[in-house]
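1. need coordinates for the following:
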Amino acid sequence: MGRVFSQLIQKELKKSYPFIDQVIAMPTSKERLYERGFNQCEVWIEGTSFEQESPLIRIKNEEKQSKLSREKRMNRTEDMFRVTEGSALNGKKILLLDDLYTTGTTIHYAALTLRNAGASEVYSLTLSRG
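-> I've put the predicted structure just below:
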């Protein structure tokens, strides 16, 4: 299923985001990656110039966001992500690539983590709005 959207996503990245320094596929937890076997967002940019080692790591394996109520998603306060040590993000314009935007909480925390690590601007592109 992930490869179905690859061409569409890659075309949009080239057309609308030529100013981006790095595209980051929204990371999944180790547990979710094991369960699924792949990260669909990474599949979309696989084998392209957008594919790079992600400096963003998901540090919590929480219940699937789609199973949480809007209130529980919005009231999250714990750290969800961290940046790998030595990541060169200072002044970079980053684009977060995600599959589903429901409340924006996950993207908000990822963007906050990247900004705190030195990224100058963080944008997002999602496939679907839930």
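
2. quick one: secondary structure of Gly98?
-> Check again: residue 98 is Asp, not Gly. strand (DSSP: H, G, I helix; E, B strand; the rest coil).

3. quick check: beta-bridge partners of it?
-> Assessed by DSSP bridges, Asp98 has beta-bridge partners Thr126.

4. surely it touches Ile107?
-> Yes. Asp98 is within contact range of Ile107, at 6.1 Å (criterion: Cβ atoms under 8 Å). For glycine as for every other residue, the C-beta is placed from the backbone atoms N, C-alpha and C.

5. what about the residue nearest to Glu121 when sequence neighbours are not counted, how many neighbours?
-> Excluding the flanking residues, the one nearest Glu121 by Cβ to Cβ, 6 or more residues apart in numbering is Lys93, at 4.5 Å. A count of neighbours around Lys93, defined by other Cβ atoms under 10 Å, yields 14.

6. quick revisit: got any residues that touch both of Asp98 and Ile107?
-> Common contact partners of Asp98 and Ile107 (Cβ atoms under 8 Å, 6 or more residues apart in numbering): Met26, Ser124, Thr126.

7. residues in contact with Arg36?
-> If a contact means Cβ under 8 Å, 6+ apart, then Arg36 has Thr28 as its contacts.

8. would you check how far apart it and Thr28 are?
-> Going from Arg36 to Thr28 by Cβ to Cβ, to the nearest Å gives 7 Å.

9. could you do Ile20 as well?
-> To Thr28, Ile20 is 21 Å away according to Cβ to Cβ.

10. next one: Phe50
-> According to Cβ to Cβ, Phe50 stands 18 Å off from Thr28.

11. looking at the protein, which helix or strand is least sure?
-> The weakest-scoring helix or strand in the chain, judged by mean pLDDT, DSSP states H and E, is helix 70-74 (a mean of 62).

12. give me the beta-bridge partners of the spatially closest residue to Phe50 that is not a sequence neighbour?
-> Spatially, and ignoring its direct neighbours in sequence, Phe50 is nearest to Val23 (4.2 Å; Cβ to Cβ, 6+ apart). Here Val23 sits in beta bridges with Leu95, going by DSSP bridges.
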